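S.K.: sequence and predicted structure are below.
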Amino acid sequence: MKFIKNHLMFILPLMAILLGIEFFLVFDRTTDSYEKGLKEGYSMLVVAKKTITLEELKQLNPHIDSSENIKRESIVAQIAKGVSKSSAEEILQALPYFYSVRLDSYVSTSDLEKIKKDLEKDENIKSVETFGSSYSSSYRLFSFIKFTLRIFIVFTGVISLFLIIKQMEIWKYAHKERMQIMEIFGAPLMLRSGVLFKVALLDALIATIMTGALFLYLKFQWAGQSGIDIMVQNQEALFRITDIAILLATAVAIVIFAVYTVVFSSAGAQE
Amino acid sequence: MSNVISASHLTLAYDKGQKEIIKDANFNIKKGDFVFITGPSGSGKSTLLKALYGQIKPSEGNLVVGGLDLAAARQSKLQDLRTHMGIIFQDYKLINEWTVAKNVVLPLMIAGYSMDVQHTQAQRLLKHVKLSEHADKYPMELSGGEQQRVGVARALSKNPVVILADEPTGNLDDYSSNVIWDLMENACQQLETTVLVVTHKIPSIFSLPYRHFIIESKGVYEVH
C-alpha cells in the first residue's frame, strides 16, 4: 500500500503536467485549424478608383494574401435592371473597382485597423470595409477561450510542480541516508542516484503511458461519439504519435531535474 | 617505509574556521601501522577521522592520505581515495533496506566487481565475522554487535589500504568486541593494512605492537 502510495504521489502530479502539455498541444492544433477556418471565411472589401494588382496591395501591407476582382458587370446587371444599354455602360464607367481581399492569418483587431489604414493611404483606394464588428466579436471570443485555457494549464502546472517538490522532499528523506553512506564509500553520483533514478523513471514511463492512453481513448472513442463539431472535425489533431515523444521527453527532463536536486541536496560528504 | 598518512601544521575547524577543533597537528603514519587515537569526549577524535576520509577539509596546513592532498583534492579524486579505505562507524551506518550480504559488498559494488565475485566475497566475509546464517536478513533484524560485525566485514571487503574505525566496539558485548579486534589485527598483520582506531580505551586483549596518539587541548600528541 505504501509502495503504491509513494509511486502515485509522483505519478499523479507528473500526469497533471503531462496532461497540461498535451491539452496545450491539442488545443494549439485544434485552434490552428479553427483559426484557418476563420481566416478562410473572412475577406475585406477594397474599393479602388482604378484597377489594382495583388502585388500593389501586398506592398501596402504584408498581411494581404490574395485578392479577387468582383466583376463590375454583375453589379451593374443587379442595379441597372430595365435601364438602356447606353445608360448601363455609363453606370459601368462611373463604378469604382471592387476587390475581395483575404489575409494570410487571423490577425488581431488592432492589426486589422492597421491594414485598413495602410490601404487607405493609397490615393487609388477610395475605401476599405473590414466588417470589423463581427470580426472583432469572433476574435475576442477566440482570444478569451485561448487565454483561459492557457491560464488553466499554467495553474495546473504550478500546482503539480509544488506536489513534485513535496515528493522530492519525501525522496530526500527516504534515500538520503543510503546515498550518504554510498558517498562515504566513494560511490560515484550515478551509482548513488541509481535506485532513485530507476524508481522515478518507472513513474515517468507510467505517467506518459497513462496520459497517452487517455488521449487515445478521447481520440478514438469519445471524440467521434461526442457529437461536438469541433471535436469530430479535428479528431486527427487530438493525439498524434509524436506527442508520446514530447510527453516522455518532458517527463524524463522533470525526473532528471528532480532526482539530481535530491541527490545534490542530500550530499553530505563535503562540509 | 613510506607514509600513508601525513599531517603537517594541520588545523581542523567548523563554522568556516571559527570553531577550531584541532590546531597545528603534525604526525606521520606508515603502511602497516596500527594506531589508537584516544582523548576525552569532544576532543576532536571523530573530527580527525572525518578529515582523513575527506568529509571535512583542513582549514589550515596539509593532510596527505595515500599521496592525495585532501585540502586541495577534487571530489572525483576523493571518491577514488575512499574506495581504498575501509570505514567503520560507531553507529554502524548500514543501509537498512539492503540485506546483510549486499551491505557487506558495497565497496565491491562501487568498484564494479561482478555479481559472482560479490556473492563469493560476501559468503567468505560473513563466515569470517561469524554471520553466515544472517546473509539474507536485514540489518534491523540483527543485534548491535552483529550489525557492527557486518560493518567490519564491509570495511574489509575490498582489502583496503587504510581502515578508519570510529569507536568500533563502543556499545558491544565482549564476544563481538573480540571478533572485531581479531579481524583488525589480522588485516594489519597479514595484509599490512594501516589501521586507525578512535577509542576511549585501548583494549587489554590487544596483542599487536601499536602506536598511540592522544588528542588533548586541540593538539595531537604521540605517546611513546
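M.R.: Perfect, thanks for sending it.
S.K.: for B:Ser41, which non-adjacent residue is closest in space?
M.R.: Leaving aside its sequence neighbours, B:Ser41 sits nearest to B:His200 (C-beta to C-beta, 6 or more residues apart in numbering or on different chains; 8.0 Å). Every residue, glycine included, has its C-beta placed from N, CA and C.
S.K.: now do the contacts for that neighbour.
M.R.: B:Thr38, B:Ser41, B:Glu167, B:Gly170 (C-beta atoms under 8 Å, 6 or more residues apart in numbering or on different chains).
S.K.: what do you get for B:Leu172?
M.R.: Per C-beta under 8 Å, 6+ apart, neighbours of B:Leu172: B:Gly144, B:Gly145, B:Gln148, B:Ile180.
S.K.: most surrounded residue in these?
M.R.: Counting neighbours by other C-beta atoms under 10 Å in any protein chain shown, B:Gln148 leads the contacts of B:Leu172 with 29 neighbours.
S.K.: need the contact list for the residue in chain B positioned nearest to chain A.
M.R.: Closest to chain A within chain B is B:Arg82: 3.3 Å, counting by C-beta to the nearest C-beta. By C-beta under 8 Å, 6+ apart, B:Arg82 lies in contact with A:Ile184, A:Phe185, A:Gly186, B:Tyr53, B:Gly54.
S.K.: any chance of those in TSV, plus distance to A:Leu196, neighbour count and pLDDT?
M.R.: Shown next, in TSV, are the contacts of B:Arg82 (distance: C-beta to C-beta, whole Å; neighbours: other C-beta atoms under 10 Å in any protein chain shown; pLDDT from 0 to 100):
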residue	distance to A:Leu196	neighbour count	pLDDT
A:Ile184	18	20	92
A:Phe185	17	25	92
A:Gly186	18	25	91
B:Tyr53	24	20	93
B:Gly54	23	24	91
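S.K.: among the contacts of B:Leu172, which are located in helices?
M.R.: B:Gly144, B:Gly145, B:Gln148, B:Ile180 (DSSP state H).
S.K.: point to the residue nearest the middle of chain B.
M.R.: B:Leu164 (1.7 Å; C-alpha atoms, centre = their mean).
S.K.: helix/strand/coil for it?
M.R.: Classification of B:Leu164 using DSSP: H, G, I helix; E, B strand; the rest coil returns strand.
S.K.: that older thread, pick the one among the contacts of B:Leu172 closest to B:Leu208.
M.R.: B:Leu208 lies nearest to B:Ile180 out of these, by C-beta to C-beta, at 13.8 Å.
S.K.: wait, what's in contact with that closest one?
M.R.: B:Gln148, B:Arg149, B:Val152, B:Pro168, B:Thr169, B:Leu172.
S.K.: go again with 6 Å.
M.R.: B:Val152, B:Pro168, B:Thr169 (C-beta atoms under 6 Å, 6 or more residues apart in numbering or on different chains).
S.K.: ok, now B:Leu78?
M.R.: By C-beta under 6 Å, 6+ apart, the neighbours of B:Leu78 are B:Gly54.
S.K.: now name the helix or strand holding it.
M.R.: helix B:75-82 (DSSP states H and E).
S.K.: next structured bit after that helix?
M.R.: With DSSP H and E, the next secondary element past helix B:75-82 is strand B:85-88.
S.K.: helices and strands around that following strand, which ones?
M.R.: helix B:144-156, strand B:162-166 (3 or more C-beta pairs under 6 Å, 6 or more residues apart in numbering or on different chains; DSSP states H and E).
S.K.: what's next to the next helix or strand after it, contact-wise?
M.R.: For strand B:85-88, the succeeding helix or strand toward the C-terminus, using DSSP H and E, is helix B:100-104. With contacts defined as C-beta under 6 Å, 6+ apart, helix B:100-104 is touched by B:Leu94, B:Ile95, B:Ala122, B:Leu125, B:His134, B:Ala135, B:Lys137, B:Val150, B:Ala153, B:Arg154, B:Ser157.
S.K.: what residues does the next helix or strand after helix B:100-104 touch?
M.R.: Using DSSP H and E, the helix or strand that follows helix B:100-104 towards the C-terminus is helix B:106-111. Helix B:106-111 has contacts (C-beta under 6 Å, 6+ apart) with A:Phe185, A:Gly186, A:Ala187, B:Thr83, B:Gln118, B:Gln121, B:Arg154, B:Ser157, B:Lys158.
S.K.: which of the three states applies to the third one?
M.R.: Reduced to three states with three-state DSSP, the structure at A:Ala187 is coil.
S.K.: report how many residues lie close to the residue nearest to it when sequence neighbours are not counted.
M.R.: Leaving aside its chain neighbours, A:Ala187 sits nearest to B:Ile110 (4.7 Å; criterion: C-beta to C-beta, 6+ apart). Neighbour count of B:Ile110, defined by other C-beta under 10 Å: 20.
S.K.: tell me how far B:Ile110 lies from B:Leu125.
M.R.: Using C-beta to C-beta, to the nearest Å, B:Ile110 is found at 15 Å from B:Leu125.
S.K.: likewise A:Gln235?
M.R.: In terms of C-beta to C-beta, A:Gln235 sits 64 Å off from B:Leu125.
S.K.: follow-up on the earlier one: report the buried members of the contacts of B:His200.
M.R.: Buried members of those, counted by 16 or more other C-beta atoms under 10 Å in any protein chain shown: B:Thr38, B:Glu167, B:Gly170.
S.K.: from what I see, the last one and B:Gln90 are in contact.
M.R.: Yes: counting by C-beta atoms under 6 Å, a contact exists between B:Gly170 and B:Gln90, whose distance comes to 4.8 Å.
S.K.: three-state assignment of A:Ser74?
M.R.: helix.
S.K.: how far away from the center of its chain is the helix or strand B:Ile29 falls within?
M.R.: Per DSSP H and E: B:Ile29 is located in strand B:19-30. Taking the mean of its C-alpha atoms, strand B:19-30 sits 17 Å from the chain's own mean (C-alpha atoms, centre = their mean, to the nearest Å).
S.K.: just want the angle from that strand to strand B:162-166.
M.R.: 140 degrees (axes from the mean of the first three to the mean of the last three C-alpha atoms, to 10 degrees).
S.K.: not counting sequence-adjacent ones, nearest residue to whatever residue of chain A ends up closest to chain B?
M.R.: With C-beta to the nearest C-beta, the shortest gap between chain A and chain B falls at A:Gly186, namely 3.3 Å. Spatial nearest neighbour of A:Gly186, chain neighbours left out: B:Arg82 (3.3 Å); criterion: C-beta to C-beta, 6+ apart.
S.K.: which among the buried ones among the contacts of B:His200 gets closest to A:Thr51?
M.R.: B:Glu167 (100.9 Å).
S.K.: rewinding a little: hmm, which two among the contacts of B:Arg82 are most spread apart?
M.R.: A:Phe185 and B:Gly54 (11.7 Å).
S.K.: count of neighbours near residue 31?
M.R.: Picking chain A for this. 19.
S.K.: um, chain B though
M.R.: 14.
S.K.: looks like it contacts B:Val4 (just checking).
M.R.: Yes: taking contacts as C-beta under 6 Å, B:Lys31 lies within contact range of B:Val4: 5.1 Å.
S.K.: between those two, what contacts are shared?
M.R.: B:Thr194.
S.K.: after the helix or strand that contains A:Ile11, which helix or strand is next?
M.R.: Take DSSP H and E as the rule and A:Ile11 turns out to sit in helix A:2-40. As assigned by DSSP H and E, the chain's next helix or strand after helix A:2-40 is strand A:44-48.
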